[in-house]
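A.B. asks: with the input below, show me the fold.
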Amino acid sequence: MVKKHSNTPACIISSTGFDALARKVYEEALLNGYIEECSPNPQREWILVVLDTHCGRTSAECSFFSTVYVIDHHIAPGGGPVYPGVIEAEASSTTELCTLMLEETSTGIPTPQLSNTIMAGILYDTRGLVLASIAAIEATRYLMKWGARISDALQIIRRSPGIDERIARLKAMSRVKIYRARNILLCITRVGAYEASAAQILMGGGCDITIVISEKDETRVVVRCSEDLCRDKGLGELILEDLVKIYGGGWGGHRLAAVASIRAPYEELLESIPRLLGDRLGIVFNPIET
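C.D. replies: Prediction:
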């Protein structure tokens with residue numbers, strides 16, 4: 001997010017574009033004047049605020065700007081430049097961090113509609129507060145003070161998946177490989193798109209840890225974990241750090257949800273992931289016939 005030294009609204013740069021849900025919120029924010037389209041020629045004196053990611057993954061060139069802040073709840077890879085800001089891996093969403101900054105600076109929210117839009121971001125990242133941190137609950141309380149209502153915010157993010165997303169979910173389910181160790185179920189599958197949506201469906205179906213793989217220029221590995229399994233060790237420690245060390249690439253995310261880009265084919269990962277995860281947990285995963 002780039003903001004000028006003026007009273008004009010902030011403008012938004014998205015490194016990966018918008019999905020259907022984000023596009024809806026973005027267009028509403030444009031319509032109401034909360035943000036504006038970014039100029040194709042940014043100025044060095046603008047302030048760059050990197051949200052929900054790190055400089056290595058944004059399309060904006062951080063080194064170009066004289067002032068850069070980072071607000072994120074993901075675990076960023078080390079080795080790059082360190083910028084001021086708020087990075088809290090225990091938070092359940094970046095939106096809650098931004099909301100608490102508003103509260104800390106005694107900044108009001110002008111309309112209930114905007115409060116609901118902000119709350120929608122928290123509800124989306126926390127699955128309707130199921131995965132909410134204490135900070136998310138505090139942020140929700142503050143937004144309700146300014147007119148937000150959970151039922152109204154849920155209407156913003158409620159949607160029906162399109163045909164392509166439904167096909168991706170069904171392919172993920174039909175291709176899933178299931179491994180068991182004691183009472184832990186590991187599910188591995190592959191799709192061409194909608195990896196996060198496919199992972200959500202498999203987690204809802206009973207998997208304790210779900211790994212959805214897509215092979216493009218690099219192999220994308222989307223991982224989700226249950227609260228019980230990843231209570232003491234997050235996904236980085238359990239599997240992603242090992243994958244990156246062995247195959248190269250990088251990863252980002254937090255304890256229960258993360259993604260990696262690595263250099264390994266699906267069939268090789270199908271062999272190595274159960275073994276690596278089992279070594280970390282001190283158990284042996286065996287395949288279940290499907």
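A.B. asks: toward the C-terminus, what is the element adjacent to the strand or helix carrying residue 21?
C.D. replies: Assessed by DSSP states H and E, residue 21 sits inside helix 20-31. Per DSSP H and E, the first helix or strand lying C-terminal to helix 20-31 is strand 35-37.
A.B. asks: what is the next helix-or-strand element following that following strand packed up against?
C.D. replies: Per DSSP H and E, the first helix or strand lying C-terminal to strand 35-37 is strand 47-51. Secondary-structure packing of strand 47-51 (3 or more Cβ pairs under 8 Å, 6 or more residues apart in numbering; DSSP states H and E): strand 2-3, strand 67-72. (Glycine included, C-beta is placed from N, CA and C.)
A.B. asks: give me the low-pLDDT residue ranges for this structure?
C.D. replies: 1-8, 15-17, 19-20, 75-80 (pLDDT under 70).
A.B. asks: what distance do you get for residue 245 to residue 221?
C.D. replies: Note on residue 245: its distance to residue 221, by Cβ to Cβ, to the nearest Å, is 14 Å.
A.B. asks: tally of neighbours for residue 130?
C.D. replies: Other residues within reach of residue 130, judged by other Cβ atoms under 10 Å, total 9.
A.B. asks: roughly how far apart are it and residue 39?
C.D. replies: 40 Å.
A.B. asks: what of residue 246?
C.D. replies: Applying Cβ to Cβ to residue 246 and residue 39 gives a distance of 43 Å.
A.B. asks: ok, these two, which is more surrounded?
C.D. replies: Between residue 246 and residue 39, counting by other Cβ under 10 Å, residue 246 is the more crowded of the two (14 against 11).
A.B. asks: with just CA atoms, put stretch 215-226 into CSV.
C.D. replies: The C-alpha coordinates for stretch 215-226 follow below in CSV (Å, rounded to 0.1, in the frame of the first residue of the first chain):
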residue,chain,number,x,y,z
GLU,A,215,3.4,-27.6,-10.3
LYS,A,216,4.0,-24.5,-12.4
ASP,A,217,7.3,-22.6,-12.9
GLU,A,218,8.1,-23.7,-9.3
THR,A,219,6.3,-26.2,-7.1
ARG,A,220,3.8,-24.4,-4.8
VAL,A,221,3.1,-26.2,-1.6
VAL,A,222,0.1,-24.9,0.4
VAL,A,223,-0.2,-26.4,3.9
ARG,A,224,-2.9,-26.3,6.6
CYS,A,225,-2.7,-27.8,10.1
SER,A,226,-5.2,-28.4,12.9
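A.B. asks: let's verify residue 211: helix, strand, or coil?
C.D. replies: Of the three states, residue 211 takes strand under DSSP: H, G, I helix; E, B strand; the rest coil.
A.B. asks: that's a helix at residue 153, yeah?
C.D. replies: Yes. The assignment for residue 153 is a helix, going by three-state DSSP.
A.B. asks: and it, how close does it get to residue 139?
C.D. replies: On the measure of Cβ to Cβ, residue 153 and residue 139 end up 12 Å apart.
A.B. asks: compare these two (neighbour count), which wins?
C.D. replies: Using other Cβ under 10 Å, the more surrounded residue of residue 153 and residue 139 is residue 139, with 28 against 24.
A.B. asks: roughly how far is stretch 183-197 from the heart of the chain?
C.D. replies: Put simply, stretch 183-197 sits 16 Å off its chain's centre (Cα atoms, centre = their mean, to the nearest Å).
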